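Peer 1: heads up, no residue letters with this:
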């Protein structure tokens with residue numbers, strides 16, 4: 001039924017999140033497009049689409065995680081392959097924007113790599129970008145094409161109400177180390193501002209990498225009298241010692257995924273599916289900034 005309502009649309013998945021792409025396609029009543037990704041012996045990436053794309057609206061779902069340099073390159077090649085195959089419009093759906101933390105010059109000779117990624121996506125042929133919880137909202141201004149930056153907040157609020165029985169006695173905590181940062185991924189000290197005594201504490205952040213800050217904040221909250229500590233993170237990167245730190249930390253649960261019983265996943269496929277449907281049908285997507293689609 002949904003397929004009949006959405007003609008001339010193709011959804012392709014990169015290698016970063018095939019499960020998520022399949023959930024999105026299922027919600028729309030569509031099949032994932034046929035695409036073959038391989039590497040030559042010299043490790044060059046090759047992408048081949050297995051069906052006609054002439055006049056189609058193409059959506060490519062690829063996140064900037066996992067093999068952080070392979071994922072963007074695969075996405076760029078897929079975009080270009082679709083444009084060469086005469087797709088009418090190509091939309092890159094990038095839940096986690098690659099190189100987003102490098103959004104400004106914080107040292108004299110530092111690059112602005114997020115701007116470089118934006119340029120490459122445009123040059124590859126992307127007509128539209130859909131992303132989620134950009135670490136720096138000004139990245140939208142790096143593009144000369146439309147960018148929809150979705151928010152995970154409505155989904156998180158729904159999860160809190162459904163999963164934490166005493167949610168009305170919760171305190172939301174922002175684990176921003178600010179000037180306490182000595183250098184990237186390293187925190188020297190942390191000061192708690194506010195009262196969490198006898199409250200369930202929920203740490204909320206857009207991105208966590210090595211989890212040094214998050215775990216330090218959790219310990220601080222527990223010592224300040226919090227009854228339980230949760231961490232809800234839009235982009236859980238899990239680099240280096242992250243998993244071992246989480247396993248030894250005091251978290252009740254950390255919402256993301258594998259190798260740790262404390263890690264859960266909050267499904268966002270319904271948001272991505274709905275934004276694709278609305279975009280394809282020329283409808284407003286602003287409703288999704290504050291509501292969770294059914």
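Peer 2: All right, it came through fine. A quick note: this is a predicted structure, and the numbers were derived from the prediction, not measured. Numbering: from 1, shown residues only.
Peer 1: could you pull out the helices for the stretch 151-294 of the chain?
Peer 2: Assigned by DSSP state H, counting those that start in this stretch, the helices in the stretch 151-294 of the chain fall at 153-163, 212-223, 242-248, 269-280.
Peer 1: tell me what the last one is packed against?
Peer 2: If I follow you right, that is helix 269-280. On a contact count with 3 or more CB pairs under 8 Å, 6 or more residues apart in numbering; DSSP states H and E, helix 269-280 meets strand 9-13, helix 18-28, strand 57-61, strand 89-94, strand 128-132, strand 147-150. Every C-beta, even on glycine, is put in place using the N, C-alpha and C of the backbone.
Peer 1: Next up, the contacts around the closest residue to residue 89 other than its chain neighbours.
Peer 2: Ranked by CB to CB, 6 or more residues apart in numbering and with sequence neighbours excluded, the top spatial neighbour of residue 89 is residue 127, at 4.6 Å. By CB atoms under 8 Å, 6 or more residues apart in numbering, residue 127 lies in contact with 89-91, 145-146.
Peer 1: need these in TSV with pLDDT, neighbour count and distance to residue 136, can you?
Peer 2: Putting the contacts of residue 127 into TSV (pLDDT from 0 to 100; neighbours: other CB atoms under 10 Å; distance: CB to CB, whole Å) gives the following:
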residue	pLDDT	neighbour count	distance to residue 136
89	95	19	26
90	96	26	24
91	96	27	22
145	93	13	18
146	92	13	18
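Peer 1: Tell me which two of those residues sit farthest apart.
Peer 2: 90 and 146 (12.3 Å; CB to CB).
Peer 1: what residues are shared contacts of those two?
Peer 2: With CB under 8 Å, 6+ apart as the test, residue 90 and residue 146 both reach 127-128.
Peer 1: can you give me the strands for the stretch 151-294 of the chain?
Peer 2: 170-173, 181-183, 186-187, 200-208, 228-236, 253-255, 263-264 (DSSP state E, counting those that start in this stretch).
Peer 1: okay, the angle between the fourth one and strand 128-132?
Peer 2: Between the direction of strand 200-208 and that of strand 128-132, the angle (axes from the mean of the first three to the mean of the last three CA atoms, to 10 degrees) works out to 150 degrees.
Peer 1: roughly how far out does strand 200-208 sit from the chain middle?
Peer 2: Distance of strand 200-208 from the chain centroid (CA atoms, centre = their mean, to the nearest Å) equals 15 Å.
Peer 1: Show me which positions of that strand end up buried.
Peer 2: With burial defined by 16 or more other CB atoms under 10 Å, the residues of strand 200-208 counted as buried are 200-206, 208.
Peer 1: Each with direction, which strands does it pair with?
Peer 2: Sheet pairing of strand 200-208 (DSSP bridges) gives strand 170-173 (parallel), strand 228-236 (parallel).
Peer 1: Tell me, how many residues neighbour residue 151?
Peer 2: Residue 151: 16 surrounding residues under other CB atoms under 10 Å.
Peer 1: What's the separation between it and residue 145?
Peer 2: Distance of residue 151 to residue 145, computed by CB to CB, to the nearest Å: 20 Å.
Peer 1: same question, residue 195
Peer 2: For residue 195, the distance to residue 145 - CB to CB - is 46 Å.
Peer 1: shaky segments in the stretch 151-294 of the chain?
Peer 2: By pLDDT under 70, the weakly predicted segments of the stretch 151-294 of the chain are 176-190, 209-210, 238-243, 246-248, 250-262.
Peer 1: Was I right to think residue 39 contacts residue 45?
Peer 2: Yes - at 5.9 Å, residue 39 counts as touching residue 45 under the criterion of CB atoms under 8 Å.
Peer 1: could you check the distance from residue 123 over to residue 52?
Peer 2: Taking CB to CB, one finds residue 123 at 24 Å from residue 52.
Peer 1: For residue 113, list the residues it contacts.
Peer 2: Per CB under 8 Å, 6+ apart, neighbours of residue 113: 99, 102.
Peer 1: Give me the phi and psi for it.
Peer 2: Phi and psi for residue 113, reported as degrees, to the nearest 10, are phi -70, psi -30.
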